[in-house]
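K.L.:
make a model of this:
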Amino acid sequence: MDIYKCKFENGKFGQTESVRFVNTSNNDVFPLVYKDKLYFSSQGHKSLGGYDLFVLENLEVKSLGAPFNSSFDDLAIFFVDDKNGFITSNRGTTGATDDIYAFNLKEKFVDVPLDYIVTDAESGEAIADVAVRIVEDSTGIVLFSGFTNDLGKISQLLDSIQLETVLNFNIFLDKEGYISKEVHFNHTVLDSNLVDVATLINLKLDPLSLEQEITALLGLKSIYYDFDKANLRPDAIIELDKVVRFMNKHAKIEVELGSHTDCKGSNEYNQNLSNLRAENAANYIKSRISSPERITYKGYGETQLKVNCPCEGRARSVCSDEENQLNRRTEFIIKSLNITTGSVKVVPSGVRQGQGANANFVFQDQSAADFRLNGLEDSEEMSGVHYRVQVESSAVQISNATAKFNRDDVYEYEHNGQFKYCLGTGLKTLEEAIKLQEQLRSNGYPEAFVVAFNNRTRISIEQAKKLQSSQN
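P.N.:
Numbers count the residues shown, from 1 in each chain. Next up is the predicted model:
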């Protein structure tokens, strides 16, 4: 059996001719033409076994593959429309009888929505205004960027992604007052369902605080030294580079580097050795960060053993080399934050906010509120939908903000327990706001972003667009 074709012209069938590329030395049967493509079943073309289904397209025969074809006989195919149809096969009876099966073709390309929800690792609360960058792992291209909303969420839509595509992203999260984070995201696209990224990887940010030991937060392996040595080992360099990246990312934070020894040797000798170790590590960091004075160092000798391995006096313990190695370490403690944004937990360990121990914050005196646009509630500037550009968020009010930002158009509003600081005088169009945002980003506010208000109430950008659209 072979497949033939002929022309039908003037009410008559023309001469038949064998279809090129289709017929083989075995049986080729059940032709169907659909959307200018010839479908047929064949024993001769190589596929999964028995009769299988093929399509002739651009003079090339291609197998329809599984699940259309099986190791049994897969015979005729019929299309109802572009996505639905029927095939005949004896797969269900292991070759005993032929049956009819329905099929539905799934889309090869889908739009994939992704939600990124960022929360505080300690409180579990959503974090607004987190700068999010989605970077393609293989190329380093920034695919998407923006800021989380008041619910800690930012959404992304990937257009026309082929099914079975493996997404490989690096997600960068930045928010002053929190440890910056980079997370790798790997996901295989199987459908167009919403992907809640936070349920698949950890998008929680750790808040910074004074006297905080940051070794664990940065994922640092302990920086160890060889016995009786102060020089930096290659494995230590790798870890110190992580501290360099952290301090360059958080350009206002001050850190103390503390170096420790084991108990072997005299107290005086160990103190001098720890001083030298701390100095070497600190000098490595200083040469690679902005404002090198932000890193200080101190040698603690054997005064703060991590593992209790005393060597002097009658009470001596026998410790392994590994245990002594744990004592020959370097630790990093935040000594000053110098920031006004981030978690309300940005206070010294064990101290409650408002006790006066947080030297990094100045609690605002009410008489100094010279920048709050008081009396403008009914002004045209505050009426209707308008936009401003937010440049900073603070757990407490900033004293004399006009002087801090060196501008007269500073506007403060309180939202979710945080004080937000905007620049711009009630811009009436989103285009004006975006233009100001670009200016501010190039003038020292790289994370400036547009916020919208309706009268004195903050609303989303989308809400603002809808309101303005309905008014036009």
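K.L.:
and the gap between residue 192 and residue 154?
P.N.:
19 Å (CB to CB, to the nearest Å). Where C-beta positions appear, they are placed from N, C-alpha and C, glycine not excepted.
K.L.:
same question, residue 20
P.N.:
56 Å.
K.L.:
more crowded one of these two?
P.N.:
Counted by other CB atoms under 10 Å, residue 20 and residue 154 do not tie: residue 154 has more neighbours, with 21 against 9.
K.L.:
could you give the mean pLDDT of the helix or strand containing that one?
P.N.:
Element membership for residue 154, per DSSP states H and E: strand 153-162. For strand 153-162, the mean pLDDT works out to 90.
K.L.:
likewise stretch 62-78?
P.N.:
Mean predicted confidence for stretch 62-78 is 92.
K.L.:
CA-only coordinates of it in PDB, if you can.
P.N.:
Output in PDB follows, covering the C-alpha atoms of stretch 62-78 (Å, rounded to 0.1, in the frame of the first residue of the first chain):
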ATOM      1  CA  LYS A  62       8.700  14.000  10.400                       C
ATOM      2  CA  SER A  63       7.400  11.600  13.100                       C
ATOM      3  CA  LEU A  64       4.600  13.000  15.300                       C
ATOM      4  CA  GLY A  65       6.400  11.400  18.200                       C
ATOM      5  CA  ALA A  66       5.000  10.400  21.500                       C
ATOM      6  CA  PRO A  67       2.200  10.400  22.700                       C
ATOM      7  CA  PHE A  68       0.800  10.200  19.100                       C
ATOM      8  CA  ASN A  69       3.000   7.200  18.400                       C
ATOM      9  CA  SER A  70       3.600   4.200  20.600                       C
ATOM     10  CA  SER A  71       5.300   0.800  20.300                       C
ATOM     11  CA  PHE A  72       2.000  -0.600  18.900                       C
ATOM     12  CA  ASP A  73       0.100   0.400  15.700                       C
ATOM     13  CA  ASP A  74      -0.900   4.000  15.500                       C
ATOM     14  CA  LEU A  75      -3.000   4.500  12.300                       C
ATOM     15  CA  ALA A  76      -5.300   7.300  11.100                       C
ATOM     16  CA  ILE A  77      -5.400  10.800  12.400                       C
ATOM     17  CA  PHE A  78      -8.300  13.300  12.100                       C
END
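K.L.:
list the contacts of that stretch.
P.N.:
29-30, 32, 39, 41, 45-55, 85-91, 94-95, 98, 103 (CB atoms under 8 Å, 6 or more residues apart in numbering).
K.L.:
list the buried residues for the worst-scoring helix or strand of the chain on mean pLDDT?
P.N.:
Sorting the helices and strands of the chain by mean pLDDT, DSSP states H and E puts helix 321-327 at the bottom, at a mean of 73. Using 16 or more other CB atoms under 10 Å as the burial criterion, the residues of helix 321-327 that qualify are 323, 324, 325, 326, 327.
K.L.:
which ones are touching the residue nearest to residue 248 when sequence neighbours are not counted?
P.N.:
Of all residues not flanking residue 248 in the chain, residue 289 sits nearest, at 5.6 Å (CB to CB, 6 or more residues apart in numbering). Listed by CB under 8 Å, 6+ apart, the contact partners of residue 289 are 244, 247, 248, 295.
K.L.:
now the host helix or strand of the first one: buried residues?
P.N.:
Assigned by DSSP H and E, residue 244 falls within helix 234-249. For helix 234-249, the buried set under the neighbour-count rule, 16+ other CB under 10 Å, comprises 236, 239, 240, 242, 243, 244, 246, 247.
K.L.:
tell me the secondary structure at the residue nearest the centre of the chain.
P.N.:
Nearest to the mean C-alpha position of the chain, counting by CA atoms, centre = their mean, stands residue 171 at 2.4 Å. Secondary structure assignment for residue 171 (DSSP: H, G, I helix; E, B strand; the rest coil): strand.
K.L.:
surely it touches residue 131?
P.N.:
No. Residue 171 is beyond contact range of residue 131, at 11.2 Å (criterion: CB atoms under 8 Å).
K.L.:
what is in contact with these two at once?
P.N.:
Between them, residue 171 and residue 131 share no contacting residue, judged by CB under 8 Å, 6+ apart.
K.L.:
nearest residue to residue 109 other than its sequence neighbours?
P.N.:
Spatial nearest neighbour of residue 109, excluding adjacent residues (CB to CB, 6+ apart): residue 160 at 4.5 Å.
K.L.:
and the one you found, how far is that from residue 82?
P.N.:
Plainly put, residue 160 is 17 Å away from residue 82 if you go by CB to CB.
K.L.:
now residue 216
P.N.:
Distance of residue 216 to residue 82, computed by CB to CB: 56 Å.
K.L.:
quick one: distance of the lengthiest helix in the chain to the chain centre.
P.N.:
For the chain, the helix with the greatest residue count under DSSP state H is helix 267-286. When C-alpha coordinates are averaged (CA atoms, centre = their mean, to the nearest Å), helix 267-286 and its chain have centres 37 Å apart.
K.L.:
next secondary structure after that helix?
P.N.:
Counting by DSSP H and E, what follows helix 267-286 is strand 295-299.
K.L.:
report the buried residues of that following strand.
P.N.:
Across strand 295-299, burial judged by 16+ other CB under 10 Å covers 295, 296, 297, 299.
K.L.:
give me the helices and strands touching it, please.
P.N.:
On a contact count with 3 or more CB pairs under 8 Å, 6 or more residues apart in numbering; DSSP states H and E, strand 295-299 meets strand 254-259, helix 267-286.
K.L.:
and for the shortest one, what's in contact with it?
P.N.:
Applying CB under 8 Å, 6+ apart, the set of residues contacting strand 254-259 from outside is 214, 243, 247, 274-275, 277-278, 281-282, 285, 294-300, 304, 329-338.
K.L.:
the longest one now?
P.N.:
Residues external to helix 267-286 that are found in contact with it (CB under 8 Å, 6+ apart): 223, 225, 228, 230-232, 236-237, 240, 243-244, 247, 257-265, 292, 295-302, 312, 330.
K.L.:
now stretch 9-24
P.N.:
Contacts of stretch 9-24 with the rest of the structure, by CB under 8 Å, 6+ apart, involve 2-8, 28, 31, 38, 40, 42-45, 56, 59-61.
K.L.:
still on that earlier bit, okay, the buried residues of helix 234-249 in TSV with pLDDT and distance to residue 439 next?
P.N.:
Output for the buried residues of helix 234-249, formatted as TSV (pLDDT from 0 to 100; distance: CB to CB, whole Å):
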residue	pLDDT	distance to residue 439
236	82	43
239	85	40
240	87	37
242	86	34
243	88	34
244	88	31
246	84	29
247	86	28
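K.L.:
same question for stretch 418-433, mean pLDDT?
P.N.:
Rounded mean pLDDT across stretch 418-433 is 84.
K.L.:
and what of stretch 276-287?
P.N.:
Stretch 276-287 carries an average pLDDT of 88.
K.L.:
what does stretch 138-146 give?
P.N.:
On average, stretch 138-146 scores 85.
K.L.:
now do the helices in the chain.
P.N.:
234-249, 267-286, 321-327, 401-405, 430-442, 461-471.
K.L.:
columns distance to residue 177 on top of those helices, output as CSV?
P.N.:
CSV is the format used below for the helices of the chain (distance: least, CB to CB, whole Å):
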stretch, distance to residue 177
helix 234-249, 12
helix 267-286, 22
helix 321-327, 31
helix 401-405, 17
helix 430-442, 20
helix 461-471, 24
